[in-house]
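> need a 3D model of the following:
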Amino acid sequence: MTDQFSRIKQAIMVAPENKDFTSRGIPPLYYAGSDVRINLIAQAPGKRAQDQRMFWNDRSGVRLRNWLGVSWDEFYHSGKIAIMPMDFYYPGKGRSGDLPPRKYFAAKWHPQLLQLMPHIQLTILVGAYAAHAYLHLPKKVKQTTIVEHYRQYLPDYLPIIHPSPRNQAWVKHYPWFEKELMPDLRQRVRQIMDG
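Numbering: from 1, shown residues only. You can find the predicted model right below:
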């Protein structure tokens, strides 16, 4: 099984669309493994994550682990949490933040990795790109609406907003997120992690 994961990683690195990253010594940033039980899908690594070769090692990551109710060690070393962004490389800077993940990337590489992770019990969709792609929703459906109606996507998917500090105002504006969704999320994650 490890050989299969390695083959996919090598294929990602030698793919023409990723050649520029590979030539600069930048590996794809994700985690997938045969013992995974929870799949975390977000947008794409930021510049800092790519430079450090470490995802979620910032304030957003601290907030995310708090929302999930998992420790640093569980998040990075349990082998139970896959980190599969919609793009495994930093897409670059745009006018109002990071550029979106490349549209074709997840469609090309996610299915190959997911096939090797048959024990996933919950996929957490972090942010609009992941939610729209995996729930097959049109872009006109707002992220707030998706997250507010998270129960309709259970038990397989649970959409949440991005834990960026920029979304603190959103969390305060929609108290149901902390009162209803977050306890539900933590309970589900803990049950899976301890199961």
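> and the pLDDT for M1?
pLDDT recorded at M1 is 68.
> cool, L135 as well?
Per-residue confidence (pLDDT) for L135: 98.
> can you show me the strands along this structure?
38-41, 81-83, 93-94, 97-98, 122-126, 157-160 (DSSP state E).
> right, and those - which one's nearest K140?
strand 157-160 (15.9 Å; C-beta to C-beta). From N, CA and C alone the C-beta is placed, and that goes for glycine too.
> pretty sure F55 is touching G61, no?
Yes. The criterion here is C-beta atoms under 8 Å, and F55 meets it with G61 at 7.5 Å.
> ok, the helix or strand bottoming out on mean pLDDT in the chain: who's next to it in the sheet?
Within the chain, judged by mean pLDDT, DSSP states H and E, the helix or strand with the poorest mean is strand 97-98; its value is a mean of 84. Sheet pairing of strand 97-98 (DSSP bridges) gives strand 93-94 (antiparallel).
> for the record, mean pLDDT for the partner strand?
Mean per-residue pLDDT for strand 93-94: 86.
> average pLDDT for stretch 162-171?
94.
> stretch 37-45 now?
Average pLDDT, stretch 37-45: 97.
> next: stretch 139-159.
Rounded mean pLDDT across stretch 139-159 is 97.
> make 192 the starting number, not 1.
With 192 as the first residue, the last one maps to stretch 330-350.
> ends of it, what's the gap?
Using C-alpha to C-alpha, to the nearest Å, the end-to-end distance of stretch 330-350 comes to 15 Å.
> equivalent analysis for stretch 213-226, please.
27 Å.
> list the buried residues for it?
Within stretch 213-226, the residues that qualify as buried are T213, I217, P219, L220, Y221, Y222, A223, G224, counting by 16 or more other C-beta atoms under 10 Å.
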